[in-house]
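Colleague: Please find the sequence and the predicted model below.
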Amino acid sequence: MEILKRIERYLDEQGLVDGPLREELLDHLMSDVKARQREGDTLEEAWIQIVEDIPPQHFKALEKETVSIDRHPFKSIKIMAYLSIGLLAATVIFKTAHFPGAPFLLLSALMMAMAALITGSISGVKSYPEKEGKKVVLILMGSVFLFFLSLVFQVFYLPMTGPLRNTAILLLLVIFPFLLFYFLGKQAWESFLLTYLHRRHTAGIERFLLVLLVLGSLSKGLALLGRPSPEPASVIFVLLIFAAGLQYFLFSLRQVNDRGMVFVLILTIILLMVPAMELPLPFPLKSIAIALFFLLAGGITSLQASTGYDGILATLMTVIMSSFSLLRIAFGLHWIGAGTEGMLFNIPVFLLILGALLLSPRYSMFRMYMIIALAQYLLVYPLSIT
């Protein structure tokens, strides 16, 4: 592919050797070129304009900054994230073997993840005093902390689970509309702390979410075989949907170009988050909200796809996930036979969603959409192995 070779040659000329950073910049530059081509530029015009907009020695400075950040204090955050994953894996093993202490391992995993979030937020604010939006980062992380805390309370069946989760989601429903209007017509991502940190750590966040997805899938599979209870898988999938949803909407901040898009994204956020709240909503209403989320989010994803192939795949998955969410009403009300709860029906569905996830481009809204889709599906189905 000509553009890929051209970008790789350009990064070589810039002396960029850092593996993860190089990979991330390669994806970003590819996306920028394709976005300009969609606006009518030729490949040559798009590439010349992008290169002219890059300051001299920008990538080398970025690489140096990345290496410095990885050393301290963000290296400790990575260690805490890995420990959290390890503790979640231990939880699945302990549940499978019926060892005592699995709930406390799950608690430790959630607490370690919360510690990583708090440390990362404070470190980000201290490391970049010149960036705007420090209060937004702290409020957003406070909301995430409350959501994690609600999961801890859920694991131990403690009161206040509902109020904690509702407060966390209400904070998000205030923060994201503010951010969408703030970035409307602006390109202030590098000067705003939240979007700057998000861009820098996108690859690591995605890897963390994919590992969570693997652990949740393993736990769900073992639960279907009658080994442990489904509780670890449920907690992992709820956490995964929430985290991937945040990642999806942070990606969307770069796509805000008119007020119509802002209001569609606000409605999409509401449709994803409200069903997770502890509210007396009837099952059909929640299912309709989830179906509308997949419809709107999938439509946005299709429009923002970097290639025609991705757009077609995103459109196909939008139709499938929206339809499947509506069918949940029929499943839940037993309008459709019990065979839909078994593996004969669900294995093809699982493989279809998994295939779309694997084909989706890395570090994109499309991949986050598919992670949400697969986690939502596994959270609800299959119900048995018959």
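Modeller: Sure, I can see it. Predicted, not measured: the structure shown is a model, and the values here were computed from it.

Colleague: which residue sits closest to residue 115, ignoring its sequence neighbours?
Modeller: Nearest residue to residue 115, sequence neighbours excluded (Cβ to Cβ, 6 or more residues apart in numbering): residue 80, at 5.5 Å. In this view, the C-beta of every residue, glycine as well, is placed from N, C-alpha and C.

Colleague: what do you get for residue 240?
Modeller: Excluding the flanking residues, the one nearest residue 240 by Cβ to Cβ, 6+ apart is residue 375, at 4.3 Å.

Colleague: With residue 316 instead?
Modeller: Leaving out its chain neighbours, the residue that sits closest to residue 316 by Cβ to Cβ, 6+ apart is residue 356, at 7.7 Å.

Colleague: name the element the one you found belongs to?
Modeller: Using DSSP states H and E, residue 356 falls within helix 343-359.

Colleague: now whatever helix or strand comes next after that helix: mean pLDDT?
Modeller: Tracing the chain C-terminally past helix 343-359 and defining elements by DSSP H and E, one meets helix 365-380 next. What helix 365-380 shows for mean pLDDT is 92.

Colleague: gap between helix 365-380 and the chain center?
Modeller: With Cα atoms, centre = their mean, to the nearest Å as the basis, helix 365-380 stands 9 Å off its chain's centre.

Colleague: just stretch 359-374 next, same as before
Modeller: Put simply, stretch 359-374 sits 8 Å off its chain's centre (Cα atoms, centre = their mean).

Colleague: buried residues in that stretch?
Modeller: Using 16 or more other Cβ atoms under 10 Å as the test for burial, stretch 359-374 gives 360-361, 363-374.

Colleague: Which elements pack onto whichever strand or helix holds residue 136?
Modeller: Per DSSP H and E: residue 136 is located in helix 134-155. On a contact count with 3 or more Cβ pairs under 8 Å, 6 or more residues apart in numbering; DSSP states H and E, helix 134-155 meets helix 102-127, helix 161-183, helix 193-224, helix 231-252.

Colleague: the inter-axis angle of the first one versus helix 134-155?
Modeller: In other words, helix 102-127. Following axes from the mean of the first three to the mean of the last three Cα atoms, to 10 degrees, one obtains 180 degrees for the angle between helix 102-127 and helix 134-155.

Colleague: Would you mind pulling the contact partners of the helix holding residue 136?
Modeller: Residues outside helix 134-155 that contact it (Cβ atoms under 8 Å, 6 or more residues apart in numbering) are 103, 106-107, 110-111, 113-114, 117-118, 120-121, 124-125, 158-162, 164-165, 167-169, 171-172, 175, 178-179, 192-194, 197, 231, 235, 238-239, 242, 246.

Colleague: Touching stretch 162-172 from outside, list them.
Modeller: By Cβ under 8 Å, 6+ apart, stretch 162-172 touches 139-140, 142-147, 149-150, 153, 246, 269, 273-274, 276-279.

Colleague: Ok, stretch 196-215 next?
Modeller: Applying Cβ under 8 Å, 6+ apart, the external contacts of stretch 196-215 come out as 20, 23-24, 66, 69, 78, 81, 85, 88-89, 92, 120, 124, 128, 131, 137, 189-190, 236, 239-240, 243-244, 247, 250, 362-363, 367-368, 371, 374-375.

Colleague: Of those, just the buried ones, PyMOL syntax please.
Modeller: This is the PyMOL syntax for the buried subset of those, where burial follows 16+ other Cβ under 10 Å:
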select buried, resi 24+66+69+81+85+88+89+92+120+124+128+131+137+236+239+240+243+244+247+250+363+367+368+371+374+375
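
Colleague: and the gap between the closest residue in space to residue 266 that isn't next to it in sequence and residue 114?
Modeller: Leaving aside its sequence neighbours, residue 266 sits nearest to residue 177 (Cβ to Cβ, 6+ apart; 5.1 Å). To residue 114, residue 177 is 25 Å away according to Cβ to Cβ, to the nearest Å.

Colleague: do the same with residue 124
Modeller: Separation of residue 124 from residue 114 (Cβ to Cβ): 16 Å.

Colleague: Then residue 232?
Modeller: In this view, residue 232 and residue 114 are 17 Å apart by Cβ to Cβ.

Colleague: between these two, which one's more packed in?
Modeller: Each of residue 232 and residue 114 has its neighbours counted (other Cβ atoms under 10 Å); residue 232 has more, 28 against 21.

Colleague: Tell me what angle the helix holding residue 136 forms with helix 193-224.
Modeller: Calculated by the same axes, to 10 degrees, helix 134-155 forms an angle of 10 degrees with helix 193-224.

Colleague: so where's the stretch 1-150 of the chain shaky on pLDDT?
Modeller: Scanning the stretch 1-150 of the chain with the threshold set as pLDDT under 70 gives 1-2, 4, 12, 14-24, 27, 38, 55-75.

Colleague: And this protein, what are its domain boundaries?
Modeller: For the chain, the structural domains run 2-60, 72-279, 283-386, going by automatic domain parsing.

Colleague: How far does the second one sit from its chain's centre?
Modeller: Going back to what we said before, that points to domain 72-279. So, by Cα atoms, centre = their mean, the centroid of domain 72-279 is 8 Å from its chain's centroid.
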